[in-house]
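Asker: got a sequence here, can you build the structure:
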Amino acid sequence: MRNLDQYNITQAVLARMANTPGPRLKQIMTSLVQHLHAFAREVKLTEDEWKQGIDFLTATGHMCSGTRQEFILLSDTLGLSMLTVAQNNDKPAGCTEATVFGPFHVEGAPSYEHGDDVANGASGTPCLVRGSVRSLDGTPIAHAEIDVWQADADGHYDVQRDDLPGAQGRGVLRSGADGRFHFQSVVAEPYPIPEDGPVGDMLRATGRHPWRPAHLHFMVKAPGFETLVTHVFRNGGPYLDSDAVFGVRQSLVADWIEQPDGTYTLDFDFVLNRAPA
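Answerer: Below you'll find the predicted structure:
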């Protein structure tokens, strides 16, 4: 097709994709093109502005590495990550809510036994974390895999540092026969997401802060149940109402209780949703 203009180019692009063999891919690509073209028309996007957009996305890609995923940060800070989580985790009332995965999970984290210290030298005030994993009807879930990771007192995950001999602030353990678990760690503290890249530039340009409220990450898996990816947020701290990645849910806010010796305890129970048959 020749002589394309601003009025007929959208339909020309859609016509080129008419023979897409996968129905779902065709649906997604059709909607993507329609919305992108509508966006450009709505804001009357200039060529220079679109070049700046391409440069921004290119810089975002260049910032990605084996230990940093700038595109996840971009998705998180635009609320897109949390939107997809909310759309795809509509669980029955009483199940633990899901929230964003974040960019700092690492496959193959060390395995720990109950009572072990997953902080493994990470800075912070000692904290005992304990709880249980159960189904919606209250049945304990034995041997559930509990993957936990967190930042240290300075707001850094181990993968953000080059001076560590091994993993800190992360590990994998399994619930006992009664569904319960406990481990040692450090008190969660607020921290800023990495802001030395394109996402940080975007936040500053739009007058936003980069801070996340204090939290622990959890991913809980058990056969016959949906995998749960969630946080437990520290009650009373700053940024609970202005999380840079929009991840806070009131049901995930819990109290870290100070003990007479200056350490803390956190108690939290996870309720998993059964997977469809």
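Asker: and residue 11, which helix or strand is it part of?
Answerer: According to DSSP states H and E, residue 11 maps onto helix 9-16.
Asker: give the next helix or strand downstream of that helix.
Answerer: Note on helix 9-16: by DSSP H and E, the next helix or strand toward the C-terminus is helix 23-43.
Asker: just to revisit the earlier point, could you give the angle of the helix holding residue 11 to helix 23-43?
Answerer: 170 degrees (axes from the mean of the first three to the mean of the last three C-alpha atoms, to 10 degrees).
Asker: going forward, begin numbering at 52 instead of 1
Answerer: Done: numbering now begins at 52, and the last item shifts to helix 60-67.
Asker: please point out which parts of helix 60-67 sit buried.
Answerer: Buried residues in helix 60-67, defined by neighbour count with 16 or more other C-beta atoms under 10 Å: 61, 64. (C-beta placed from N, C-alpha, C; glycine too.)
Asker: go on, stretch 312-328?
Answerer: For stretch 312-328, by 16+ other C-beta under 10 Å, it's 315, 317, 319, 321-324.
Asker: SS state for the residue lying closest to residue 231 once chain neighbours are set aside?
Answerer: Residue nearest to residue 231 in three dimensions, not counting chain neighbours: residue 183, with 4.6 Å by C-beta to C-beta, 6 or more residues apart in numbering. Assigned state for residue 183: strand (three-state reduction, DSSP: H, G, I helix; E, B strand; the rest coil).
Asker: next, count neighbours for residue 183.
Answerer: 19 (other C-beta atoms under 10 Å).
Asker: okay, and the beta partners of it?
Answerer: Taking DSSP bridges, one finds residue 231, residue 320 as the beta-bridge partners of residue 183.
Asker: ok, it to residue 136 distance?
Answerer: 23 Å (C-beta to C-beta, to the nearest Å).
Asker: touching, residue 266 and residue 282? I think so.
Answerer: Yes - contact criterion C-beta atoms under 8 Å: residue 266 and residue 282 qualify, at 4.1 Å.
Asker: now the strands for the stretch 152-301 of the chain?
Answerer: 177-186, 196-200, 221-225, 231-237, 242-243, 262-263, 266-272, 279-285 (DSSP state E, counting those that start in this stretch).
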